[in-house]
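Student: attaching a predicted model along with its sequence, questions to come.
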Number of protein chains: 2
Amino acid sequence: MRPPTIRDVAERAGVSKSLVSLVLRGSDQVRPEKREAVLRAARELGYRPNAAARSLSEQRTRTVGVLLNDLRNPWFVDLLDGLNSLLHAHGLHMLLADARLNRRTGQDPADPLLDLRVDGLVVVGTLPDPAALGAVAARMPVVLAGAREPVPPGVDQVAGDDEKGARLVTEHLIGLGHRRIAHLAGYGAVGELRRRSFEATMREHGLADRAVVETGDMTEEGGYRAAVRLLNRPDRPTAVFAVNDITCVGALSAAEELGLRVPHDVSLVGYDNTSISRLRHLWLTTVDNAGHEVGRRAARFLLDRFERPGGEGRVHLATPTLEVRGTTFRFQRG
Amino acid sequence: MRPPTIRDVAERAGVSKSLVSLVLRGSDQVRPEKREAVLRAARELGYRPNAAARSLSEQRTRTVGVLLNDLRNPWFVDLLDGLNSLLHAHGLHMLLADARLNRRTGQDPADPLLDLRVDGLVVVGTLPDPAALGAVAARMPVVLAGAREPVPPGVDQVAGDDEKGARLVTEHLIGLGHRRIAHLAGYGAVGELRRRSFEATMREHGLADRAVVETGDMTEEGGYRAAVRLLNRPDRPTAVFAVNDITCVGALSAAEELGLRVPHDVSLVGYDNTSISRLRHLWLTTVDNAGHEVGRRAARFLLDRFERPGGEGRVHLATPTLEVRGTTFRFQRG
DNA sequence: GCCCCTCTTTGGACCGTTCCAGAACCTGTC
DNA sequence: GACAGGTTCTGGAACGGTCCAAAGAGGGGC
């Protein structure tokens, strides 16, 4: 009572298993009536090809592993969408693994994917173990998507252009007439890039001495605390650029609690265009990271490496766009 | 230059491939020095078992497929966590597939999982095609988790107890002194259950004629619109129970826009205890669905069916808990 | 020294595919 | 009718593991 195999189909159709294989792989070297007979038999038996057997024989799985650092981060869903659209068009499947879920187990979260012999690997977000990744990259194409960490050689990299994004925000605020502008910074490569770009842009506009930076931990609570410190300063900034949306929401609470109206008394900008920023109750001005494009480009890199393995690691930065919503307004002389 | 196989390990260790297999599967019928030699050879070669070959031979994959209806829904992360903890303890892996991503392709989103011959299937959220699921259930254990749809025979079901959750909310509000209580209803089995239970609880407290129901579409926008209708009524309710957090956020916007203070003028309650409800800026009173327990129980059902296949479909309802936060308050005589 | 028994180890079949070399079958030509 | 050449079909060898029956090794008792 086990699932039917190619032999069962062959027997039923009165042909050899090789012919069944031929038909099922879409060969045109088969007489139409035989093809029909095979397809009918397969349909009647409810035949499904066994992926394990196929990939064992073909020496490839037609599957790409996607290693997510944390399913709770919503921003990567667009990325997955872009990734999937291109991969699927090339007959490839995605296998998702969550690093956070498997962390406790003490194993490398990529292990199950590697045992399954995926044809390539997309690491989404901060990578778990750079050294291990280098070893993996020697055996199969690897792309790091959505993070700006340094990567081992031979690994491609796709991410949003954080310098450009931070510049967009800063110039938006300057364009609205703001001069005392603060940045609620974060950590990691991304936090660093956004902060640097904020500072550089302020400098370019001769506002270096009006730029203020407070550092948070990229959580709402951290954003709240940093914003309280910031907004209690005697030279209170009139605009705040937060390293991400969640920090920005913390800042929003702080502003509200201090009796400041957003955006009339203080403008706020987030980053990532998360679903939270789109809540009409918050309606944050923010930066969209072009997740879909990041995903598509990651797929592109992978497909390229399938065709021509090896070579230098490439980098692509997707251009972010500013989403102006309700938390920014022109500077009102107090 | 292909990955090493069990034969390579055998050769290097100077033993037969059968012995290598024995060692790697942890048999105690092996002399310690041979075991050491094999393990050393495996380590030196960087050997990884080939999952395809193994599952082909073993006739099982040690893998459970998890079909998510939409990665954007954050509520299932806890569920996955609970699921994973038990499965992992039994040496099983999870394979994630997203129905939404694969929908466009026109195939059944479970197809890749079935081709991979997963040992069992967990469907999280609303199921795609009940008929197809019945056919699958005949071949392998299937559990529906986190949804209350009717299921084909032989399928187990785990979900939060929506009746109990809605009752908790309603009694909480009544306990605070509210009498004119409204429900922002949703759709689907879950929407139905929560609404019915709200109505029943109101009736039990002799408040049937004070209960109001407006229906939304379970989005923020829908919640907003329904709440506007509701709060503009001459007999404006003093408390609103929304079918989910996102609807509740819409209601929050509506209240604010109408100049009503939450919770002093109107109390609001959501459902699902999403990360959104935990934002201090919103701080919604809501219901926690015990996602972790749902996940663990789903794993339990699956494991049971591995041991004793067949039998009736069972149902388990996890007990939800009320999370009282900032949007509910005792009724203030206006 | 031989036999028996237990503990280790091994060769080979098998899992369900793909792939390849060659067999079988046509069709047309001389 | 033999032959060439193309098209269509087939058997068997992979692929990398597991599993099982049986072989080999070692020890104890006679």
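Tutor: That came through, no problem.

Student: from here on, just use CA atoms for contacts and neighbour counts.
Tutor: Noted.

Student: can you give me the strands in chain A?
Tutor: Along chain A, counting by DSSP state E, strands occupy A:63-68, A:93-98, A:120-124, A:142-145, A:156-160, A:181-185, A:212-215, A:239-242, A:267-269, A:286-288, A:315-318, A:321-323.

Student: can you put these in a markdown table and add mean pLDDT?
Tutor: Shown next, in a markdown table, are those (pLDDT from 0 to 100):
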| stretch | mean pLDDT |
| --- | --- |
| strand A:63-68 | 93 |
| strand A:93-98 | 89 |
| strand A:120-124 | 95 |
| strand A:142-145 | 95 |
| strand A:156-160 | 96 |
| strand A:181-185 | 98 |
| strand A:212-215 | 95 |
| strand A:239-242 | 98 |
| strand A:267-269 | 98 |
| strand A:286-288 | 98 |
| strand A:315-318 | 97 |
| strand A:321-323 | 98 |
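
Student: starting at the chain centroid, how far to stretch A:46-55?
Tutor: Computed by CA atoms, centre = their mean, to the nearest Å, the separation of stretch A:46-55 from the middle of its chain amounts to 31 Å.

Student: just to revisit the earlier point, which one of the strands of chain A lies closest to B:Arg60?
Tutor: Nearest to B:Arg60 among the strands of chain A is strand A:93-98; the distance by CA to CA comes to 18.2 Å.

Student: buried residues in the closest one, which are they?
Tutor: The neighbour-count check on strand A:93-98 (16 or more other CA atoms under 10 Å in any protein chain shown) flags A:His93, A:Met94, A:Leu95, A:Leu96, A:Ala97, A:Asp98 as buried.

Student: what about the first one, distance to chain B?
Tutor: Using CA to the nearest CA, to the nearest Å, A:His93 is found at 8 Å from chain B.

Student: just confirm that residue contacts A:Val66, I think it does.
Tutor: No. Counting by CA atoms under 8 Å, A:His93 does not reach A:Val66; the two are 10.1 Å apart.

Student: pLDDT weak spots in the stretch 51-200 of chain A?
Tutor: A:102-106 (pLDDT under 70).

Student: just give the nearest non-adjacent residue to the residue of it found nearest chain B, would you?
Tutor: Shortest the stretch 51-200 of chain A-to-chain B distance, computed as CA to the nearest CA: residue-wise this is A:Ala52, at 4.4 Å. Excluding its sequence neighbours, the residue lying closest to A:Ala52 (CA to CA, 6 or more residues apart in numbering or on different chains) is B:Ala52, at 4.4 Å.

Student: can you check A:Val38 too?
Tutor: A:Ala13 (5.3 Å).

Student: neighbours of A:Gly14, how many?
Tutor: Using other CA atoms under 10 Å in any protein chain shown, A:Gly14 is surrounded by 14 other residues.

Student: typo on my end, A:Val143
Tutor: Neighbour tally, A:Val143, other CA under 10 Å: 29.

Student: that one contacts A:Ala298, correct?
Tutor: Yes. Using CA under 8 Å, A:Val143 makes contact with A:Ala298 at a distance of 6.4 Å.

Student: which neighbours do those two have in common?
Tutor: Taking CA atoms under 8 Å, 6 or more residues apart in numbering or on different chains as the contact rule, the neighbours common to A:Val143 and A:Ala298 are A:Val122, A:Gln157, A:Val158.

Student: reformat those as CSV; add distance to B:Asn289.
Tutor: Output for these, formatted as CSV (distance: CA to CA, whole Å):
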residue, distance to B:Asn289
A:Val122, 32
A:Gln157, 39
A:Val158, 37
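
Student: possible to save the residues you listed as TSV with neighbour count and distance to A:Asp8?
Tutor: Shown next, in TSV, are the shared contacts of A:Val143 and A:Ala298 (neighbours: other CA atoms under 10 Å in any protein chain shown; distance: CA to CA, whole Å):
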residue	neighbour count	distance to A:Asp8
A:Val122	26	38
A:Gln157	26	46
A:Val158	25	46
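
Student: next, the closest residue to A:Arg62 other than its chain neighbours: phi, psi?
Tutor: Of all residues not flanking A:Arg62 in the chain, A:Leu92 sits nearest, at 4.9 Å (CA to CA, 6+ apart). The phi/psi pair for A:Leu92 (degrees, to the nearest 10) reads phi -110, psi 150.
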